[in-house]
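**Q** Got a sequence here, can you build the structure:
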Amino acid sequence: MSQKILKLPDVMKMTALSRSSLYDFVRKKTFPKPILLGARAVGWLEDEVTAWINQKAESRQERDTHER
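**A** All right, here's what the predicted structure looks like:
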């Protein structure tokens, strides 16, 4: 199975979150942890970022259903 690695600008674009917000969510363990690519480089697995986005969308739908 081939996994795509996303760099920070791509993750920011996909999530519409700032750099500081992403790292805050990582610190709070509410966003996928980046993988170490080199001494000063990290990336995120696209599947994990997509799953996080999908989970956010699902929780919104559940919340909307309960509010009715």
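**Q** host element of the residue positioned nearest the centre of the chain?
**A** Residue closest to the average C-alpha location in the chain (Cα atoms, centre = their mean): residue 49, at 3.7 Å. According to DSSP states H and E, residue 49 maps onto helix 46-67.
**Q** Could I get the buried residue list for that helix?
**A** For helix 46-67, burial by neighbour count (16 or more other Cβ atoms under 10 Å) applies to 48-49, 52. C-beta: built from backbone N, CA, C; applies to glycine.
**Q** could you measure the residue nearest to the centre of the chain against residue 65, distance?
**A** As judged by Cβ to Cβ, to the nearest Å, residue 49 and residue 65 stand 25 Å apart.
**Q** now swap in residue 47 and tell me
**A** Taking Cβ to Cβ, one finds residue 47 at 27 Å from residue 65.
**Q** Can you list the low-confidence ranges for the protein?
**A** Residues of the chain meeting the criterion pLDDT under 70: 1, 64, 66-68.
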